[in-house]
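Visitor: Model the following, please.
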Amino acid sequence: MGSVHHEPAGGPTFEPLIQVDMEIKTFVSAWQHCDYVSTYMARMISQKRSDSVRHSNLFSSAFNELLEVAFRTRHAEGELACRVSRQGATDRIELTIPCVPEERQFYQEAVAQVAGFEARERYLNSVSGDLAPSREVVLLELAVDYNATLRVEEAEGDAIKLVVDLPLEGLQH
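Guide: This is a model prediction of the structure:
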């Protein structure tokens with residue numbers, strides 16, 4: 001599966017902060033769930049940041065984009081798991097998303113493209129059009145605008161785990 005990454009022994013340790021799980025059927029039943037979950041999680045994890053309001057707004061915005069990507073799943077069964085952990089200035093979102101095999105391939109290819117050196121140019125070209133942003137564009141936006149690093153990891157069953165590291169505390173926005 002794509003680029004699987006494990007923390008090296010003695011490498012940075014991410015401390016768990018919060019996790020929210022819900023049935024994917026419940027999640028996709030209303031578009032507002034993206035905003036509700038991202039706002040709640042942002043408020044919960046932003047308390048001890050240097051500028052908690054700024055951090056909450058940035059995190060909520062980035063996480064909402066990720067949840068909107070997950071919202072478009074075509075898989076009707078399983079659980080959406082949202083976990084946030086922290087190491088220093090970086091917040092890590094681990095989003096386990098039920099998906100069909102074609103979507104698994106999409107995530108692997110999209111994340112590989114996001115990691116490419118031409119990601120910024122691809123993103124700027126994509127936002128110059130009048131189309132609503134695709135899921136790939138949303139992932140590119142996270143990498144370019146939020147300096148996020150993304151990867152796909154194995155998950156149990158018909159699901160993928162999207163891991164997004166957001167260095168928001170040091171972000172100059």
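Visitor: worst-scoring helix or strand of this structure, pLDDT-wise?
Guide: Least confident helix or strand, the chain: helix 119-127 with a mean of 60, by mean pLDDT, DSSP states H and E.
Visitor: give me the element the residue minimising distance to the centre of the chain is part of.
Guide: Centrality entry for the chain: nearest residue to the mean C-alpha point is residue 66, 4.3 Å, by Cα atoms, centre = their mean. Element membership of residue 66 [criterion: DSSP states H and E] is helix 52-71.
Visitor: Then residue 164?
Guide: Counting by DSSP H and E, the element that carries residue 164 is strand 159-166.
Visitor: With just CA atoms, put that strand into CSV.
Guide: Below are the C-alpha coordinates for strand 159-166, written out as CSV (Å, rounded to 0.1, in the frame of the first residue of the first chain):
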residue,chain,number,x,y,z
ALA,A,159,-10.7,1.2,4.9
ILE,A,160,-7.6,3.4,4.6
LYS,A,161,-5.9,5.5,7.2
LEU,A,162,-5.0,9.0,6.0
VAL,A,163,-2.3,10.5,8.2
VAL,A,164,-1.9,14.3,8.0
ASP,A,165,0.8,16.2,10.0
LEU,A,166,-0.1,19.8,10.5
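Visitor: Number of residues surrounding residue 154?
Guide: Neighbour count of residue 154, defined by other Cβ atoms under 10 Å: 10. All C-beta spots, glycine's among them, are computed from the backbone N, C-alpha and C.
Visitor: Assign a three-state SS to residue 48, would you?
Guide: What DSSP: H, G, I helix; E, B strand; the rest coil gives for residue 48 is coil.
Visitor: May I have the phi/psi pair for it?
Guide: Phi and psi for residue 48, reported as degrees, to the nearest 10, are phi -100, psi 20.
Visitor: Which pLDDT value goes with it?
Guide: The score at residue 48 is 87. That number is its pLDDT.
Visitor: Kindly provide the distance from it to residue 81.
Guide: Distance of residue 48 to residue 81, given as Cβ to Cβ, to the nearest Å: 24 Å.
Visitor: Cheers, nothing more for now.
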